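> Could you look at this predicted model? Sequence included:
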Amino acid sequence: MTFNELIDKVRTIAGKADVSDKDFLAVQVNITGKDSGVFYVEVKDHRINVEPYEYNDRNCAITISMTNFNKMLDGKLDPVLAFTTKKLKVDGDVGKALEFSKILK
């Protein structure tokens, strides 16, 4: 999967997410490996946006490989397990990272 295909996949999943109870959440995702890249997912005013840019005023940033992020999106890797086994790193508010993972389920 290419980085652009990953962005499309995240947009599709995010488009189905119910964020009506969320006021603001901004998470930057740093994808490592061969098809590395950076994107962010922002929930603002009960709307969700996914863009392939860095986000300076984020709640947190997560760093994960393309393979493991895809496994998380497909429900084959639990985000908490990924964090505890150091497959996923969080810089910032870990609670917001967990909130983010629930949006993408």
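On my side now, so go ahead. Numbers count the residues shown, from 1 in each chain.
> What lies in contact with the strand or helix carrying residue 99?
Following DSSP states H and E, one finds residue 99 within helix 94-103. The contact list for helix 94-103 (CB atoms under 8 Å, 6 or more residues apart in numbering) reads 14, 17, 19, 22, 25, 27, 41, 43, 48, 59-60, 62, 72, 79-80, 83, 90. C-beta here means a position set from N, CA and C on the backbone, and glycine is covered the same way.
> among those, which are in strands?
Members of those lying in strands (criterion: DSSP state E): 25, 27, 41, 43, 48, 60, 62, 90.
> May I ask which two of the residues you listed are separated the most?
Taking CB to CB as the measure, the ones in strands among the contacts of helix 94-103 span a maximum distance of 19.8 Å, between 48 and 90.
> neighbours around the nearest residue to residue 55 once chain neighbours are set aside, how many?
For residue 55, ignoring the flanking residues on the chain, the nearest one in space by CB to CB, 6 or more residues apart in numbering is residue 40 at 3.8 Å. Residue 40 has 18 neighbouring residues, counting by other CB atoms under 10 Å.
> Quick check: bridge partners of residue 40?
Taking DSSP bridges, one obtains residue 28, residue 51 as the residues bridged to residue 40.
> That one contacts residue 50, doesn't it?
Yes: shown here, residue 40 and residue 50 form a contact pair, counting by CB atoms under 8 Å, at 7.3 Å.
> picking up where we left off before, what comes up buried for the helix holding residue 99?
Buried residues in helix 94-103, defined by neighbour count with 16 or more other CB atoms under 10 Å: 96, 97, 99, 100, 101, 103.
> now swap in stretch 41-59 and tell me
Buried residues in stretch 41-59, counted by 16+ other CB under 10 Å: 41, 42, 43, 48, 50, 55, 58, 59.
> Pick the one among those residues closest to residue 1.
Distances from residue 1 to these, taken by CB to CB, are shortest for residue 50, at 15.4 Å.
> Name all residues that make contact with that closest one.
By CB under 8 Å, 6+ apart, the neighbours of residue 50 are 7, 10, 11, 14, 39, 40, 41, 42.
> run the last query once more with 6 Å
Neighbouring residues of residue 50 by CB atoms under 6 Å, 6 or more residues apart in numbering: 10, 11, 14, 41.
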